[in-house]
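[1] Provided below for reference: sequence and predicted model.
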Amino acid sequence: MSNFYHNIFYYYRGAQESDKNRERQLEDNTTKALINTLEYGGRKVRNGFLEWIGVEKPENIRFELQKKTIGKGRIERKSKRVLLALVPAEGKATPLVESGKQESRPDAWIYGDDFAVLIESKVVGYLDADQMRYHFQKLTIGEKRFPVCEERTWAELHAFFKSLTPELTENSRWIVNQFMRYLEYCNMTDFTGFEKEIFDFFFIHDSEESKKWVKETIKSFAEETSQSLKAVEPFYEDYDVGSLSLKKMQTKEEENHAWAAFGPKDSKYRNYAHQTIILNSQGIEVLVNVELKSAVDRLKEKVLRDKQTFVEIIRNLKPEASMVVQLQERKQIQASLYSYHQVFAIEVDYLKKDELGEHGFDYLVTMLQKIPLPYFTVKAKISRSAVLSMKDQKKQLVEKVIHIMTEFHSMVRYINE
């Protein structure tokens, strides 16, 4: 599994602190990591970043961390002044929060011959309105040139650096990659892909940092998938990420996978046929999920009333991955805790065969009616090797998953309507 502390920017957090202190430490460390990357990453990195935020042809670039000011003389003659806010994705384009602060200390300054950039970093939550007001005033001294206000997310910064790396020398690329990896470890980027170490986690279970990284990665993948899915099928209003508790592990079986479910808002999606994505050591599974009694009863009734449509939906599936129809029995161990026992599993391709398929469907329908607590799924598997071979998982993997989920929606709709 990845050792986070091999990254030059990752830091040892020490004893547990309050959330506020931990947030402040992360902000300070992330800002310092950015400034170090710009300072030692080479001219293309420094100039590319400044041009990205609107500073053209910067010369004689200097850096300062956590100074109230770089001095009136260094600001008043600059024709280009930028107030740059670096924020988490959820903090962008949101109302500023009033705090009543009477002074401000910027997180960093970047300045040169004819420009000054004041940086305010937020890794959690929203910008402070009073603090930003004082920052703004610091840049308006002298000839009263009003600064330009720029806002970028850490995810956008990560994407910018990623686009820059092909142009860099080996040394510059190394330090930029270290900073990009640091942002990924701190869960400050959009979905960038599943790596070998994420799949390995499910049989290693090695650290709290790894758990958080894995869970946040599937959460960002679920967000990416959800945006595309609900544009195609409005039924999938929201998603829910579960499993992979960050609490002390009771049994290894509890954390052998992570999942994200897609359906109506709130927990009511569980009462309907919906779709789930499962991440485990072997790869990714996409499945029609019919588990709770209300959803199962609806399926039983539909199959009794209209078995032919049920058969046709499964036979009309066009698998781009291995697809399996599966029936399990749930046995209650205690309140809200069940064990699962496989009863039936057959590949969709076999159910498409005339005689063999008829026997398979007959057995499936019979067992569905007879088992007290059945759990029905139609499942597609994408192997870890297939996932890791994709050059652009954000595009290719999401497109593949959406294609499967769109195929599966005919079964979801049949059961729910």
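    Here it is on my side, so go on.

[2] thought residue 262 was touching residue 270?
    No: the criterion here is C-beta atoms under 8 Å, and residue 262 misses it with residue 270 at 11.8 Å. Where C-beta positions appear, they are placed from N, C-alpha and C, glycine not excepted.

[3] any idea how far residue 215 lies from residue 226?
    Distance, residue 215 to residue 226, using C-beta to C-beta, to the nearest Å: 16 Å.

[4] ditto for residue 364
    Shown here: residue 364 relative to residue 226, a distance of 31 Å by C-beta to C-beta.

[5] swap in residue 397?
    Applying C-beta to C-beta to residue 397 and residue 226 gives a distance of 14 Å.

[6] same question for residue 70.
    With the distance defined as C-beta to C-beta, residue 70 ends up 44 Å from residue 226.

[7] how is the protein partitioned into domains?
    The chain breaks down into these structural domains: 4-185, 196-416 (assignment by automatic domain parsing).

[8] need the three-state assignment for the nearest residue to residue 109 once chain neighbours are set aside.
    On the basis of C-beta to C-beta, 6 or more residues apart in numbering, the spatially nearest residue to residue 109 that is not a chain neighbour turns out to be residue 64, at 4.2 Å. For residue 64, the assignment made with DSSP: H, G, I helix; E, B strand; the rest coil gives strand.

[9] identify the residues contacting residue 64.
    Shown here is residue 64, whose contacts under the criterion C-beta atoms under 8 Å, 6 or more residues apart in numbering are 70, 108, 109, 111.

[10] please name the bridge partners of the third one.
    Beta-bridge pairing of residue 109, defined through DSSP bridges, involves residue 64, residue 118.

[11] next SSE after the strand or helix carrying residue 287?
    Using DSSP states H and E, residue 287 falls within strand 283-290. Sequence order places helix 293-305 as the next helix or strand after strand 283-290, per DSSP H and E.

[12] that next one relative to strand 283-290, how many degrees between them?
    Angular relation of helix 293-305 and strand 283-290 on a 0 to 180 degree scale: 70 degrees, by axes from the mean of the first three to the mean of the last three C-alpha atoms, to 10 degrees.

[13] using PDB, write out the CA atom coordinates for helix 293-305.
    Output in PDB follows, covering the C-alpha atoms of helix 293-305 (Å, rounded to 0.1, in the frame of the first residue of the first chain):
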ATOM      1  CA  LYS A 293     -38.500  -6.600   1.700                       C
ATOM      2  CA  SER A 294     -40.500  -3.800   0.000                       C
ATOM      3  CA  ALA A 295     -38.400  -4.000  -3.100                       C
ATOM      4  CA  VAL A 296     -38.300  -7.800  -3.100                       C
ATOM      5  CA  ASP A 297     -42.100  -8.000  -2.700                       C
ATOM      6  CA  ARG A 298     -42.500  -5.700  -5.700                       C
ATOM      7  CA  LEU A 299     -40.200  -7.900  -7.800                       C
ATOM      8  CA  LYS A 300     -42.100 -11.100  -6.700                       C
ATOM      9  CA  GLU A 301     -45.400  -9.600  -7.700                       C
ATOM     10  CA  LYS A 302     -44.100  -8.300 -11.000                       C
ATOM     11  CA  VAL A 303     -42.600 -11.700 -12.000                       C
ATOM     12  CA  LEU A 304     -45.800 -13.600 -11.100                       C
ATOM     13  CA  ARG A 305     -47.900 -11.100 -13.100                       C
END
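
[14] residue 360 is in contact with residue 351, isn't it?
    Yes: in this structure, residue 360 sits in contact with residue 351. The criterion is C-beta under 8 Å, and the distance is 5.1 Å.

[15] where does the protein have low pLDDT?
    For the chain, residues meeting the criterion pLDDT under 70 lie at 1-2, 5, 12-20, 90-102, 143-144, 206, 243-255.

[16] so which residues of it form helices?
    For the chain, the helices defined by DSSP state H occupy 19-40, 43-52, 72-76, 129-138, 154-164, 170-185, 196-204, 208-232, 293-305, 307-315, 348-351, 354-370, 384-388, 393-416.

[17] can you redo those as CSV with distance to residue 60 and mean neighbour count?
    Formatted as CSV, the helices of the chain follow (distance: least, C-beta to C-beta, whole Å; neighbours: other C-beta atoms under 10 Å):
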stretch, distance to residue 60, mean neighbour count
helix 19-40, 13, 17
helix 43-52, 11, 18
helix 72-76, 11, 15
helix 129-138, 21, 17
helix 154-164, 21, 18
helix 170-185, 19, 18
helix 196-204, 41, 17
helix 208-232, 39, 18
helix 293-305, 66, 16
helix 307-315, 68, 16
helix 348-351, 66, 17
helix 354-370, 74, 14
helix 384-388, 44, 16
helix 393-416, 38, 19
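
[18] of these, which approaches residue 284 most closely?
    Taking C-beta to C-beta as the criterion, residue 284 comes closest to helix 384-388 out of the helices of the chain, the separation being 6.1 Å.

[19] packing partners of that closest one?
    Counting contacts by 3 or more C-beta pairs under 8 Å, 6 or more residues apart in numbering; DSSP states H and E, helix 384-388 is packed against helix 196-204, strand 283-290.

[20] partner strands of the shortest one, with direction?
    For strand 283-290, sheet partners with direction are given as strand 274-280 (antiparallel), strand 374-383 (antiparallel), following DSSP bridges.

[21] identify the residues contacting that strand?
    Taking contacts as C-beta under 8 Å, 6+ apart, the residues outside strand 283-290 that touch it are 194, 199, 261, 273-278, 296, 299, 321, 375-387, 397, 401, 404-405, 408, 411-412, 415.
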